[in-house]
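> Build me a model:
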Amino acid sequence: MIGNTKRKKQVRRGAAFLLLVVVVLMVVVEATRTMLVGEFSLRKSEVQRTRVRTMIAAIDAVSVLQKETIELPLDEANQERIVVTSDGDQRVIARWMRGDHVVDQITRQQPVSESEK
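Numbering: from 1, shown residues only. Here you go, the predicted model:
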């Protein structure tokens, strides 16, 4: 009988240890997932900021050319380009295009020059 009691205690300790291992594993997996989601979110927002800065720079670069539509190639392998369009009411629209799809776009008002006042 004494040997039987020791065996039950060992089985309980083994089950408790297994449960502890499973709980620790779940915590580690969840922490890793949270870190990965945060990293992907950070990279996505950085790409978005870079894209907006690039489109603003494209608007500034082509504003002196006085053309209605200008296309600036970015990556020909992926068919990425920025299309800058100027309309009659002093608005400039920059579209980040991938193929025929608009990935992102911004609109800016052009300042009125002294000669137009």
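> Can you show me the strands along this protein?
Assigned by DSSP state E, the strands in the chain fall at 69-75, 80-86, 91-98, 101-109.
> the inter-axis angle of the second one versus strand 69-75?
Counting by axes from the mean of the first three to the mean of the last three C-alpha atoms, to 10 degrees, strand 80-86 points 160 degrees away from the direction of strand 69-75.
> cool, the longest one as well?
Computed by the same axes, to 10 degrees, the angle separating strand 101-109 from strand 69-75 equals 130 degrees.
> Which positions in strand 101-109 come out as buried?
104, 108 (16 or more other C-beta atoms under 10 Å). C-beta here means a position set from N, CA and C on the backbone, and glycine is covered the same way.
> before we move on, what about stretch 87-106?
By neighbour count on 16+ other C-beta under 10 Å, the buried set for stretch 87-106 is 92-97, 104.
> hang on, T54 packs against I82?
Yes - the pair T54 / I82 is scored as a contact, 7.0 Å apart, by C-beta atoms under 8 Å.
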